[in-house]
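Enquirer: attaching a predicted model along with its sequence, questions to come.
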Amino acid sequence: MISAILAGDTETFHELIRPYERSVYLMALSMLHNEAEAEDVAQEAFIKAYRHLSRFRSEARFSTWLIAIALNEARARLRRKQPGLTDSIDDPEGSVVPAQLTDWREIPSQSLERKEVRSLIQHALATLPLPYREVFVLREIEERNVKETAETLGITIASVKMRLHRARLMLQKQLAPQLSDIEPKGRRRFPWF
Amino acid sequence: MVLNCRHVWEYISGYLDNTLDDQTRHDVENHLEHCEICSAVLDSTRNILILTADDRVFELPIGYSERLHARLAKAMLESPSAEASDADLPFTPDGSSDG
């Protein structure tokens, strides 16, 4: 498809990108927390990908390339809004202490039909420090592997693993008590009441 | 080796990703068998990861795809070649920096 596009069949580009529309938008949204800005960044990323398609190398995954473009676009947008923003992080020595609940009951996926549950999760993701959020979104939502995540972000595999671990525990610490409160035990145990 | 709770928390991601060596995994499982708190930490973390990855958490704006392709079509008309200058591309296709 890429060869055809580069040979002049530009309409094929529309078909090429359809499977990746969602993931590029989500990458932008997870960084910007604003739907209109995320949409604009996604559009810019796809236009940039089209204009520079000749630079894409087949040994890379096209989706990884697209997400990397979206990531850079979103970072540039963030820097314009927050000039002091930095991509680096001083990985702290200390560990993240998770929420210690003894009465955890599984929250079923059907709970996501409730707006309040979706909002809690969106808010928790938004409050992760940016370097942790980038890794978490790439690994858990975009389903990139560790190597791809490291290459996309320009960090080591060890950093990916460490940031992902901390991001997971940060989310558990924030969300586990909130989700427990929002899903009363009795209702889950006896849903027919 | 007998692990305490803090040790186990450090292994939660490795346990979930199945990247622990056999001995460490065995030690973690021994701890989980008798520690209700760590079992809950593991279960809640796994549960939260499933929820956050669900497509329902983030929905695409209505009309997003149509607007994207319309803007793209307009950009293609303005610059029909897909081999335009790469001067403003901030990185190479494999994700490394252009400097």
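Expert: Done, it's in. Numbers count the residues shown, from 1 in each chain, chains lettered A, B, ... in the order given.
Enquirer: for chain A, which segments count as helices?
Expert: For chain A, the helices defined by DSSP state H occupy A:2-6, A:11-17, A:21-32, A:35-51, A:62-81, A:115-126, A:130-136, A:146-153, A:157-182, A:185-189.
Enquirer: the residue nearest the centre of chain B and chain A: what is the separation?
Expert: In chain B, the centroid-proximal residue (Cα atoms, centre = their mean) is B:A53; its distance is 8.2 Å. According to Cβ to the nearest Cβ, to the nearest Å, B:A53 stands 5 Å off from chain A. All C-beta spots, glycine's among them, are computed from the backbone N, C-alpha and C.
Enquirer: strands of chain B, start to end?
Expert: Ranges of strands in chain B, per DSSP state E: none exist.
Enquirer: what about the longest helix in it?
Expert: Per DSSP H, chain B has its longest helix at helix B:36-52.
Enquirer: report the mean confidence score over that one.
Expert: The pLDDT scores in helix B:36-52 average 96.
Enquirer: show me what counts as buried in it.
Expert: Neighbour-count burial for helix B:36-52, counted by 16 or more other Cβ atoms under 10 Å in any protein chain shown, picks out B:37-49, B:51-52.
Enquirer: show me where the chain dips below the pLDDT cut-off.
Expert: Since no chain was named, I'll use chain A. Residues of chain A meeting the criterion pLDDT under 70: A:59, A:84-94, A:184-193.
Enquirer: actually chain B
Expert: Applying pLDDT under 70 to chain B flags the ranges B:80-99.
Enquirer: again, only this time at 50
Expert: Counting by pLDDT under 50, chain B has low-confidence residues at B:84-88, B:90-99.
Enquirer: what about the helices in it?
Expert: B:5-10, B:12-17, B:22-34, B:36-52, B:64-78.
Enquirer: any idea which of the ones you listed is most buried?
Expert: Among the helices of chain B, helix B:36-52 has the highest mean neighbour count (mean count of other Cβ atoms under 10 Å in any protein chain shown), at a mean of 20.
Enquirer: what does that helix contact?
Expert: Helix B:36-52 has contacts (Cβ atoms under 8 Å, 6 or more residues apart in numbering or on different chains) with A:98-104, A:106-107, A:109, A:111-112, A:117, A:121, A:125, A:140-141, A:168-169, A:171-172, A:175-176, A:179, B:5, B:8-9, B:12, B:15-16, B:31-32, B:57.
Enquirer: go on, stretch B:8-25?
Expert: By Cβ under 8 Å, 6+ apart, stretch B:8-25 touches A:95-98, A:161, A:164-165, A:168-169, B:1, B:3, B:28, B:31-32, B:35, B:38, B:41-42, B:45-46, B:49.
Enquirer: repeat the analysis, applying 7 Å as the threshold.
Expert: The contact list for stretch B:8-25 (Cβ atoms under 7 Å, 6 or more residues apart in numbering or on different chains) reads A:95, A:98, A:164-165, A:168-169, B:28, B:31, B:38, B:41-42, B:45-46.
Enquirer: what's the most distant pair in those?
Expert: Across the contacts of stretch B:8-25, the longest distance by Cβ to Cβ is 21.8 Å; it joins A:L164 and B:H31.
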